[in-house]
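Peer 1: please work out how this folds:
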Amino acid sequence: MKRVLSKRKIIAWIIILICLIGLIISIVNIVIWYKDNKKTADQIEWLSTIAEIDEVETPEEIQEEPVEEEGYQLPSFYYDYMKMNLINVNFNELKAINSDTAGWIQVNGTNVNYPFVKTTDNSYYLTHSFDKSGNYAGWIFMDYRNNIKTFDKNTILYGHGRLDRTMFGSIRDILTNGWLNNPNNFVIKLSTESENTLWQVFSVYRIPTTNDYLRVSFSSNDDFKNFTNMLINRSQYNFNTTVSPDDYILTLSTCHGQTDKVVIHAKLIKKETR
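Peer 2: Down below sits the predicted model:
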């Protein structure tokens with residue numbers, strides 16, 4: 001009988017020890033999470049004080065009325081987007097801080113208003129901040145396969161879906177937070193050292209993690225068209241927007257929990273060479 005009680009005590013202590021270890025690990029992870037949040041928030045505020053961002057006014061000759069294009073009536077809001085100002089960023093100080101600086105991104109209706117970076121892989125900036133300090137909040141980065149000077153048919157940017165809404169955290173819930181109720185949100189602006197561009201959103205969805213939307217090159221116009229049709233058909237909102245084989249697209253990808261991704265696709269509709 002004593003041996004049975006002794007074994008029960010040992011098992012009980014083992015369970016208690018396991019629970020304590022789990023609690024300690026959870027506390028450590030929470031501390032790290034808050035610490036990374038603070039570092040990220042401080043870095044965003046710091047960058048906002050040194051970044052020189054100007055708006056480029058749209059010339060008056062932009063068309064006012066929709067026209068027929070290959071039998072398709074362009075929606076009137078397309079011209080509202082075309083009249084929106086571009087952004088123009090001075091990258092001198094940003095590149096002095098981090099030579100990996102590739103551009104700046106703004107997503108209407110979200111907190112996304114940051115420089116983005118590019119390096120030789122798609123893993124480094126998952127755990128490093130803009131200043132290259134270790135940070136599990138990571139930073140916004142371009143797919144290493146893309147060419148920032150001449151956009152590929154599909155240019156891809158990644159960022160963690162942080163719960164504090166930093167990085168792509170304000171994108172992860174766009175399907176449920178009212179973002180889709182305002183067509184003025186359906187615009188993404190980029191500025192790079194070579195071009196300032198504006199992109200019109202045509203697809204948004206949440207999907208179990210897959211890599212089928214992460215292609216950057218295509219064998220033919222038909223291959224690209226089939227790809228963009230897949231993205232349009234996958235969208236959980238109808239943007240009433242077409243994509244042609246001549247278009248270039250931008251993809252934003254972020255995590256939603258451990259198993260899902262939230263993805264935005266937009267097409268290039270306006271650019272200015274710097």
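Peer 1: for D100, see how far away D173 is.
Peer 2: Relative to D100, D173 is positioned 28 Å away (CB to CB, to the nearest Å). For glycine as for every other residue, the C-beta is placed from the backbone atoms N, C-alpha and C.
Peer 1: higher neighbour count, these two?
Peer 2: D100 (21 against 17; other CB atoms under 10 Å).
Peer 1: ok, now which ones touch that one?
Peer 2: Residues in contact with D100 (CB atoms under 8 Å, 6 or more residues apart in numbering) are 117-119, 132.
Peer 1: what's the separation between it and E193?
Peer 2: Using CB to CB, we find D100 at a distance of 13 Å from E193.
Peer 1: ditto for A102
Peer 2: If you go by CB to CB, the gap between A102 and E193 works out to 8 Å.
Peer 1: which one of those two has more residues nearby?
Peer 2: Set A102 next to E193 and count neighbours by other CB under 10 Å: A102 wins out with 24 against 15.
Peer 1: which SSE is the more buried one in?
Peer 2: Secondary structure assigned from DSSP states H and E places A102 in strand 101-107.
Peer 1: mind giving me the packing neighbours of that strand?
Peer 2: Helices and strands touching strand 101-107, as assessed by 3 or more CB pairs under 8 Å, 6 or more residues apart in numbering; DSSP states H and E, comprise strand 86-90, strand 113-117, strand 187-191.
Peer 1: give me whichever of these is most buried.
Peer 2: Between the helices and strands packed on strand 101-107, the one whose residues have the most neighbours on average, counting mean count of other CB atoms under 10 Å, is strand 187-191 (a mean of 24).
Peer 1: endpoints of stretch 172-179, how far apart?
Peer 2: Taking CA to CA, to the nearest Å, the first and last residues of stretch 172-179 lie 11 Å apart.
Peer 1: name the residues that touch it?
Peer 2: Residues outside stretch 172-179 that contact it (CB under 8 Å, 6+ apart) are 109-110, 161, 180, 185, 204-206, 236-237, 254-256, 262, 264.
Peer 1: apply 7 Å and report the result again.
Peer 2: When contacts are defined by CB atoms under 7 Å, 6 or more residues apart in numbering, stretch 172-179 is touched by residues 109, 161, 180, 185, 204, 206, 236, 254, 256, 262.
Peer 1: could you export those residues as JSON lines, including neighbour count?
Peer 2: Formatted as JSON lines, the entries for the contacts of stretch 172-179 read as follows, by neighbours: other CB atoms under 10 Å:
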{"residue": "G109", "neighbour count": "18"}
{"residue": "G161", "neighbour count": "21"}
{"residue": "L180", "neighbour count": "17"}
{"residue": "N185", "neighbour count": "16"}
{"residue": "V204", "neighbour count": "23"}
{"residue": "R206", "neighbour count": "17"}
{"residue": "Q236", "neighbour count": "12"}
{"residue": "T254", "neighbour count": "24"}
{"residue": "H256", "neighbour count": "19"}
{"residue": "V262", "neighbour count": "22"}
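Peer 1: of those residues, which belong to helices?
Peer 2: If you go by DSSP state H, these have nothing in helices.
Peer 1: now these in JSON lines, with pLDDT and distance to I87?
Peer 2: Written out in JSON lines, the entries for the contacts of stretch 172-179 read as follows (pLDDT from 0 to 100; distance: CB to CB, whole Å):
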{"residue": "G109", "pLDDT": "95", "distance to I87": "15"}
{"residue": "G161", "pLDDT": "93", "distance to I87": "24"}
{"residue": "L180", "pLDDT": "96", "distance to I87": "23"}
{"residue": "N185", "pLDDT": "95", "distance to I87": "16"}
{"residue": "V204", "pLDDT": "98", "distance to I87": "22"}
{"residue": "R206", "pLDDT": "98", "distance to I87": "28"}
{"residue": "Q236", "pLDDT": "97", "distance to I87": "28"}
{"residue": "T254", "pLDDT": "97", "distance to I87": "21"}
{"residue": "H256", "pLDDT": "94", "distance to I87": "27"}
{"residue": "V262", "pLDDT": "98", "distance to I87": "24"}
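Peer 1: pipe those residues into JSON lines and attach distance to Y78 per row.
Peer 2: Rendered in JSON lines, the data for the contacts of stretch 172-179 read as follows (distance: CB to CB, whole Å):
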{"residue": "G109", "distance to Y78": "18"}
{"residue": "G161", "distance to Y78": "29"}
{"residue": "L180", "distance to Y78": "17"}
{"residue": "N185", "distance to Y78": "15"}
{"residue": "V204", "distance to Y78": "17"}
{"residue": "R206", "distance to Y78": "26"}
{"residue": "Q236", "distance to Y78": "21"}
{"residue": "T254", "distance to Y78": "26"}
{"residue": "H256", "distance to Y78": "29"}
{"residue": "V262", "distance to Y78": "24"}
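Peer 1: good, wrapping up.
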